[in-house]
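*Asks:* Sequence and predicted structure, then a few things I'm wondering about:
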Amino acid sequence: MSRIGKMPVEVPKGVDARMSGSALEVKGSKGTLTLNVHPAMTVKVEDGSITVERPSDAKEHRSLHGLTRSLVANMVEGVTDGFEKKLEIVGVGYRAEKKATGLTLHLGFSHTIDYPAPEGIDLEVPTQTQVVVRGADKQLVGQVAAEIRGFRPPEPYKGKGVRYAGEQIRRKAGKTAGA
């Protein structure tokens, strides 16, 4: 039996979870998330907890069991606490500005980059060189952070670019004068 899959997901007070057909809907203070459950998996919502069951011990069912339970746990955590990713911008003249619809990034190109925030994502700019991505959907928060980082990933020589907070960049030695 899957160690992760067999653990029930506790539903805290203020969170409403219900199954309708093959879709699990979780509502909380941070928003509403919906998951289309794989037809082989059985999700039961009862007595303040959500349990996931599988039909057999086939390899596919074992892997779907743990995956489905993890997705449900992330949904419950997302609608109660939410998720966030912090990004740092390193480089002379590199900066970010908060706009009504999203972000404007100055990353050393001849043009600025306007990034519209997807629905359900809150972008915050505490300083010009920091961006905080917040939202209830863990996958969407990570995707938005990766897209912003992708505009100018950190380069290995000077370390300039957009990086995750705390990310270690492997530095390379530059060219040296030859003999």
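*Replies:* All right, it came through fine.
*Asks:* quick one: average confidence on the lengthiest strand in the chain?
*Replies:* Ranked by residue count and defined by DSSP state E, the top strand of the chain is strand 83-90. For strand 83-90, mean pLDDT rounds to 96.
*Asks:* Let's see that strand as PDB, backbone CA atoms only.
*Replies:* Extracted as PDB, the C-alpha positions of strand 83-90 are listed here (Å, rounded to 0.1, in the frame of the first residue of the first chain):
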ATOM      1  CA  PHE A  83       1.600  29.200  -1.600                       C
ATOM      2  CA  GLU A  84       4.300  31.700  -2.500                       C
ATOM      3  CA  LYS A  85       7.600  31.800  -4.400                       C
ATOM      4  CA  LYS A  86      10.100  34.600  -4.000                       C
ATOM      5  CA  LEU A  87      12.300  35.700  -6.900                       C
ATOM      6  CA  GLU A  88      15.400  37.900  -6.800                       C
ATOM      7  CA  ILE A  89      16.600  40.100  -9.600                       C
ATOM      8  CA  VAL A  90      20.400  40.600  -9.800                       C
END
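*Asks:* Counting neighbours, which bits of it end up buried?
*Replies:* For strand 83-90, the neighbour count (16 or more other Cβ atoms under 10 Å) marks 83, 85, 86, 87, 88, 89, 90 as buried. All C-beta atoms are positioned from the backbone trio N, CA, C, and that covers glycine.
*Asks:* so what's residue 113 bridging to?
*Replies:* Residue 113 forms beta bridges with residue 105, as assigned by DSSP bridges.
*Asks:* Residues contacting stretch 29-36, please?
*Replies:* 14, 22-26, 71-72, 75, 78-82, 120, 136-137 (Cβ atoms under 8 Å, 6 or more residues apart in numbering).
*Asks:* any idea of the mean pLDDT for that stretch?
*Replies:* Rounded mean pLDDT across stretch 29-36 is 92.
*Asks:* returning to that earlier point: can you lay out the buried residues of strand 83-90 as TSV showing distance to residue 53?
*Replies:* Converted to TSV, the buried residues of strand 83-90 look like this (distance: Cβ to Cβ, whole Å):
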residue	distance to residue 53
83	27
85	33
86	37
87	39
88	43
89	46
90	48
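*Asks:* Of these, which is the nearest to residue 165?
*Replies:* residue 86 (3.7 Å; Cβ to Cβ).
*Asks:* next one: the lengthiest helix in the chain to chain centre, how far?
*Replies:* Under DSSP state H, the helix in the chain containing the largest number of residues is helix 59-80. Chain-centre distance of helix 59-80: 15 Å, with Cα atoms, centre = their mean, to the nearest Å.
*Asks:* okay, the angle between that helix and strand 83-90?
*Replies:* 80 degrees (axes from the mean of the first three to the mean of the last three Cα atoms, to 10 degrees).
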